[in-house]
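S.K.: Sequence and predicted structure, then a few things I'm wondering about:
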Amino acid sequence: MQINEVDKLVRSRIKVLIFGAFSFALWQFSWIGMDLMEGSKSSLLYVVAAMVILGAIGWVITSYFIYVYTKKVKNLNACHALNDELTRKNRAQAFMAGYFILFSLIWLLIPATDFWQFDLKIAIRAIAVLAIVLPMLIFAYSELKNDEGAE
């Protein structure tokens, strides 16, 4: 296995994570938008529904790319090279950032209910989507920053 192949796999992982994060966000936030527009007869509902479908298709494509990426990693026997100390550090930082974001937004939501009236179910779903998407983007950014610094 050459270092160049590992670099290609790292770049591929970054691209899949970014595409997956944006697809998941589009899918879920559009779905939340549809729930907010429930009962509306606006033609904007069709645009939002199309965005839900587009995001869901993007997430299916991401799942396929993850499958292809996993097969490449196994074929090149690159699991250990791709899970080095720096990657584990970046993953841990992204996880902790997601944890911090999740609980910060929840704790901000509690006093916000005293000032504004909104559907808590939708707010919690939005927080959950952010808690999933932001760590993915943080990890991808950390890996990209490290990859560029290595060149």
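M.R.: In hand now; what should we look at?
S.K.: wouldn't Ala94 be in contact with Phe139 here?
M.R.: Yes: with contact defined as CB atoms under 8 Å, Ala94 counts as touching Phe139 (3.7 Å). Just so you know, the C-beta spots here come from the backbone N, C-alpha and C atoms, and that holds for glycine as well.
S.K.: Which one's more surrounded, these two?
M.R.: For Ala94 and Phe139, the more surrounded residue by other CB atoms under 10 Å is Phe139, and the numbers stand at 24 against 21.
S.K.: Tell me which other helices or strands the host helix or strand of the more buried one touches.
M.R.: Taking DSSP states H and E as the criterion, Phe139 maps to helix 120-150. Packing contacts for helix 120-150, counted by 3 or more CB pairs under 8 Å, 6 or more residues apart in numbering; DSSP states H and E, involve helix 3-36, helix 85-115.
S.K.: Run the angle between the longest one and helix 85-115 for me.
M.R.: The reference is to helix 3-36. Going by axes from the mean of the first three to the mean of the last three CA atoms, to 10 degrees, helix 3-36 is angled at 10 degrees with respect to helix 85-115.
S.K.: helices or strands next to the following helix or strand past helix 3-36 in the packing?
M.R.: Next in sequence after helix 3-36, counting helices and strands by DSSP H and E, comes helix 44-76. Packing contacts for helix 44-76, counted by 3+ CB pairs under 8 Å, 6+ apart, involve helix 3-36.
S.K.: The helix it packs on - what's its average pLDDT?
M.R.: Average pLDDT, helix 3-36: 91.
S.K.: quick one: low-confidence parts of the protein?
M.R.: 1-3, 147-151 (pLDDT under 70).
S.K.: Which among the helices and strands packed on helix 120-150 is found nearest to Leu76?
M.R.: helix 3-36 (5.7 Å; CB to CB).
S.K.: Return the residues in contact with the residue nearest to Leu36 when sequence neighbours are not counted.
M.R.: Closest residue in space to Leu36, ignoring its immediate chain neighbours: Ile122 at 6.5 Å, by CB to CB, 6 or more residues apart in numbering. Contacts for Ile122 (CB atoms under 8 Å, 6 or more residues apart in numbering) come out as Ile32, Asp35, Leu36.
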